[in-house]
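Please find the sequence and the predicted model below.
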Amino acid sequence: MEITIYTDGAALGNPGPGGYGAVLLSGKHRKELSQGYNLTTNNRMELLAVIVGLEALKVEGSNVTVFSDSRYVVDAIEKKWIYGWVKKRFAKIKNPDLWIRFYEIFKKHTVKFVWVKGHAGIKENETCDQLATAAARSLTKLDDFGYMETLNNDELL
């Protein structure tokens with residue numbers, strides 16, 4: 001099965017309220033996903049958009065192309081940094097909770113990443129940006145416990 005996923009993340013302040021947006025396309029099917037968080041970072045939302053998009057797939061082993069304007073996410077995969085992180089059990093990297101979650105779902109599909117320039121008029125990327133920003137501004141945001149845990153750990157140092 002061929003699937004295209006567009007993703008974007010936003011943080012109003014970094015850290016600050018944030019959100020992600022994802023658009024999944026397969027044949028005539030389309031699904032939009034988004035969620036806001038009370039306190040998080042842009043990079044966490046960029047990565048979470050990809051995770052949620054991949055987790056929404058119903059058929060394991062799908063061929064997926066992910067379009068993202070996040071160098072943080074795209075370079076981690078395309079430059080194969082993720083495999084070094086796996087060998088080191090995600091030690092001493094930022095957002096290990098999300099990278100572990102990402103890797104578990106990533107392994108179940110054949111995924112190619114394509115970096116796109118943000119705010120360049122690419123229709124589905126613009127839609128994801130709007131979804132992410134609206135989610136960050138929504139009144140029904142969740143707590144990003146993974147981010148809050150890193151704050152608590154940093155306070156212990």
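Received the coordinates, thanks. Residues are numbered from 1 along each chain as shown.

hey, let's count contacts and neighbours off CA atoms from now on
Will do.

which residues touch residue 30?
23-24 (Cα atoms under 8 Å, 6 or more residues apart in numbering).

three-state assignment of the residue nearest to the spatial centre of the chain?
Among the residues of the chain, residue 47 comes closest to the average C-alpha position under Cα atoms, centre = their mean, at 2.5 Å. Under DSSP: H, G, I helix; E, B strand; the rest coil, residue 47 falls in the helix class.

Nearest residue to it in space, please, no chain neighbours.
Among residues not flanking residue 47 along the chain, residue 73 sits closest, at 6.1 Å (Cα to Cα, 6 or more residues apart in numbering).

Equivalent analysis for residue 97, please.
Leaving out its chain neighbours, the residue that sits closest to residue 97 by Cα to Cα, 6+ apart is residue 146, at 6.4 Å.

Report the separation between the one you found and residue 121.
Using Cα to Cα, to the nearest Å, residue 146 is found at 32 Å from residue 121.

Who has more neighbours out of the two?
Taking other Cα atoms under 10 Å, residue 146 and residue 121 do not tie; residue 146 has more neighbours (14 against 10).
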